[in-house]
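J.: Here is a sequence together with a model predicted from it:
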Amino acid sequence: MPKRANKRKDAMIKLERVEKRYGQGPYVLAGIDLEVARGSTMALVGPSGCGKTTTLKLINRLVRPTGGRVLVDGHDIAQRDVAELRRGIGYVVQEAGLFPHMTAAENVDVVPRLLGFPAERRERRRRELFELLGLEHGRFADRYPLELSGGQRQRVGLARALAANPEVLLMDEPFGALDPVIRRRLQREFIDLKSKLGKTVVIVTHDMEEAFLLADQVAILRRGALEQLGSPAEIKRAPASDFVRQMLGHEVTVDAGDDDPAEETVQVSR
Amino acid sequence: MAALLALLVAALLVGADGRADKRGGGGDGAGGGGGGRGKQKPTITIGSKKFTESTLLGEMLAQLAEAHAGVRVVRRYNLGGTQLAYTALKTGEIDCYVEYTGTALRAILKDKGSAQSASAVFARVSRAAREQDKLLWLAPFGFSNTYVLIAHVAAAKKHALRKISDLLRVPDLRWGMSYEFLRRDDGMVGLRRAYKLAPKNLVGMEHDLVYQALKNGKVDVSDSYSTDAKLLHADAVILRDDRRFFPPYEAAPLVRAELAARAPAVIAAFSMLAGRIDNVTMRVLNGEVELSRKRFASAARVFLQSRGLIGGKRVVKRRALGFFALLWQRRGKTLRLTAEHLMLSGVAVLAACLLGIPIGVMISRRPRASALTLAAAGVLQTIPSIALLAFMLPLFGVGAKPAIFALFLYGLLPILRNTVTGLRGVDPRLLEVGTGLGMRPMQRLWRVELPLAAPTILAGVRTSMVINIGTATLAAFIGAGGLGEPIVTGLSLTDTDLVLAGAVPAALLAVIVDALLAGVERLATPRGLRVRREHD
């Protein structure tokens, strides 16, 4: 893992006693402390409703904490311009979330355009990324999302997240909607990719196997609290609770009637 | 918001003014300096109520003024009923129209007293008009067009009906009365009182349909007026006003007092007709237009020439019979009216877009504001169009301005509703992705929300436009022109072909514009969304 020599703290992303609740409702997150080392990959795992997506969205401020603070690259993100913060953080969601009215190329160009990159630079970067992700530029650039397969869409979605060369990449169930064969292939490619790029990655998944495969550190969440944090090997060796053991047995527990509100709620700030 | 609305309305009015100027200028503009316009002739505006005699006499006055007073005349015919015409005259929308002394007495002065002599009534109404409204009654033409009650000959024979009080004996006759007559104090309202009439079986109808109804045996009793040409040919008898309820209805030019100062020659020209038309002449003249289908202009010209009041001997063209011949003959005019029609509805829809889409955007994410605004726009939509047009008159007078404003209000709802629906229909996950990628709210609006909502918004614009093309035909009732003009005139002349000459092009226009906008809508649908439709 390439580590740059600098004086700043080792942690690229840091959550300090972060709390989240909606109004006077129950705590969706109850005091999470988490550090993601620069250049490493952290997986957030847990059944639906455990708060993993909420935790992810705290990092690009799609969700604002009601307590505690979030630091990215040593800075409290509450102090930063939120749009600029987000442009510096890659964001990939399930089924890619491509804009259906834009071609693959236009989708990839979204953030560079927001940053005011000239057309030439955008295209150079786009061709680079298409090649990196195994997409033939001449064939796919002008296709609309609905003309692409699920796997191709996901590659375009990843290219879009990487377009402005962000240091941090947030991925919310990126391979969730794909069939198992394509998913395996993309997972393998992703492992290859992340060692090439050296990004700090936070990935949300409900699939323990995927978490172990992709992440250096795995955070298991349950009902808004951290159940166990450690490397895949540590967790496999010493599960901290019955709940973790259950997760390891691939039995997905669903905490009844406790859906993650962040998955339903849309941040509207016009 | 209010400022935006005001600005928009102001812009519309300026636009409408420009148009009026091209057609000859309003009554107000003509009197003032006109310094910049060079040696343009002074302009006067002559109006008429919505029936043949009023328009025909108005046209005679217009031709006399043009021939003898050297003015340009703007014709604003078919202004509707008495209140509309009188208000238009008071406010200076028009400079003159032909009014009846009895109507002024009962409908304007609200005098419910018993009938007086013709000269007493004239003296009374002319003094009131001069003192209260600064209007002048010129000398009457010489005939009195009083209301009459008529009965179908069969009913008259069966029940021995000769005078109005005979109707008291037969309470179950079917009465079909024209709307204006029903409302008026000098019509049905006063008549009921004077004769203690209580018809059991009474319906209101457009005056133009009265003879048809009488002929088809749908009604037994109706109202008409003594110079009505159709009276000659109808299977109807006039019932004598044995209690002398109807006051004398002498017709005379009613003009704005300031016109006498501004254009005395016009007053002199108008006065040439004083005492020149008796009851029979008027009935025949009405027949020239209504039965022989001459145009107002030619019927008026022939009469004035025959009395030596204007010169020239032009051949009078009879109107070609048959709908298609008429349509062909009117092709130039139809084209102009179509352009006018498109202007009315186009400007209205454009304004509705300029206001409706931004408001739609602002309220779309606020459920309560949306509900409130859409409800308000919905209420506007439920006002009958003719009523909405009428509401505009006190605000804007007659002509294009009130029509455009009313059409604008009508066009607002579909655009607002579809903007809100379209924006709400955008997948919330895409909105979150947009935000998550670092779009600011306005960037997200322009790059994601509006493109995805565009097809729905345009569908609203299309609905709005088609509704407005239909509704704009009614705008002719308040003198706004457009394809409603031949419809209104045709109705007043019971000329079906003329009605169709307006209605058919209007319907075609709606269909064509609808198809064109459907094309635009397809083009505005982002290609990425069209792909799906093709694959589905």
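T.: Sure thing, it's come through. Numbering: from 1, shown residues only, chains lettered A, B, ... in the order given.

J.: Around chain A, which positions in chain B sit nearby?
T.: Within chain B, the positions near chain A by Cβ under 8 Å from any Cβ of the partner chain are B:365, B:428-441, B:443, B:445, B:447-448, B:451-452, B:526-529, B:531-532, B:535. No exception for glycine: its C-beta is placed from N, CA and C like everyone else's.

J.: got a list of what residue B:360 touches?
T.: The contact partners of residue B:360, taken as Cβ atoms under 8 Å, 6 or more residues apart in numbering or on different chains, are B:415, B:416, B:417, B:418, B:419, B:420, B:423, B:457.

J.: what's the neighbour count on the third one?
T.: One way to gauge burial is a neighbour count; for residue B:417, by other Cβ atoms under 10 Å in any protein chain shown, it gives 22.

J.: and chain A, what are its domains?
T.: When chain A is parsed with automatic domain parsing, its domains come out as A:1-88+A:167-270, A:98-166.

J.: hey, where'd the strands end up in the stretch 51-200 of chain B?
T.: Ranges of strands within the stretch 51-200 of chain B are B:72-76, B:96-100, B:135-137, B:147-152, B:174-178, based on DSSP state E, counting those that start in this stretch.

J.: in terms of contact, does residue A:29 touch residue A:53 like I think?
T.: No - assessed by Cβ atoms under 8 Å, residue A:29 is found out of contact with residue A:53, at 10.8 Å.

J.: Can you pull the poorly scored residue ranges out of the stretch 101-250 of chain A?
T.: Under the criterion pLDDT under 70, the flagged ranges of the stretch 101-250 of chain A are A:250.

J.: can you list the residues of it near chain B?
T.: Residues of the stretch 101-250 of chain A lying close to chain B by Cβ under 8 Å from any Cβ are A:101, A:102, A:103, A:110, A:111, A:114, A:144, A:145, A:146, A:147, A:160.

J.: ok, the contacts of residue B:360 vs residue B:465, which is closest?
T.: residue B:415 (9.6 Å; Cβ to Cβ).

J.: what residues go with each domain of chain B?
T.: If you go by automatic domain parsing, chain B breaks into B:31-144+B:249-318, B:147-239, B:331-535.

J.: where do the helices sit along the stretch 51-200 of chain A?
T.: For the stretch 51-200 of chain A, the helices defined by DSSP state H, counting those that start in this stretch occupy A:52-59, A:82-87, A:104-108, A:110-114, A:119-132, A:137-140, A:150-162, A:180-197.

J.: center of chain B - which residue?
T.: By Cα atoms, centre = their mean, chain B has its centre lying nearest to residue B:477, at 1.1 Å.

J.: show me the contacts for that one.
T.: Residue B:477 sits in contact with B:50, B:78, B:80, B:386, B:389, B:484, B:488, where contact means Cβ under 8 Å, 6+ apart.

J.: Would you mind putting these into JSON lines with neighbour count and secondary structure alongside?
T.: JSON lines is the format used below for the contacts of residue B:477 (neighbours: other Cβ atoms under 10 Å in any protein chain shown; DSSP: H, G, I helix; E, B strand; the rest coil):
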{"residue": "B:50", "neighbour count": "24", "secondary structure": "coil"}
{"residue": "B:78", "neighbour count": "26", "secondary structure": "coil"}
{"residue": "B:80", "neighbour count": "23", "secondary structure": "coil"}
{"residue": "B:386", "neighbour count": "15", "secondary structure": "helix"}
{"residue": "B:389", "neighbour count": "25", "secondary structure": "helix"}
{"residue": "B:484", "neighbour count": "26", "secondary structure": "helix"}
{"residue": "B:488", "neighbour count": "24", "secondary structure": "helix"}
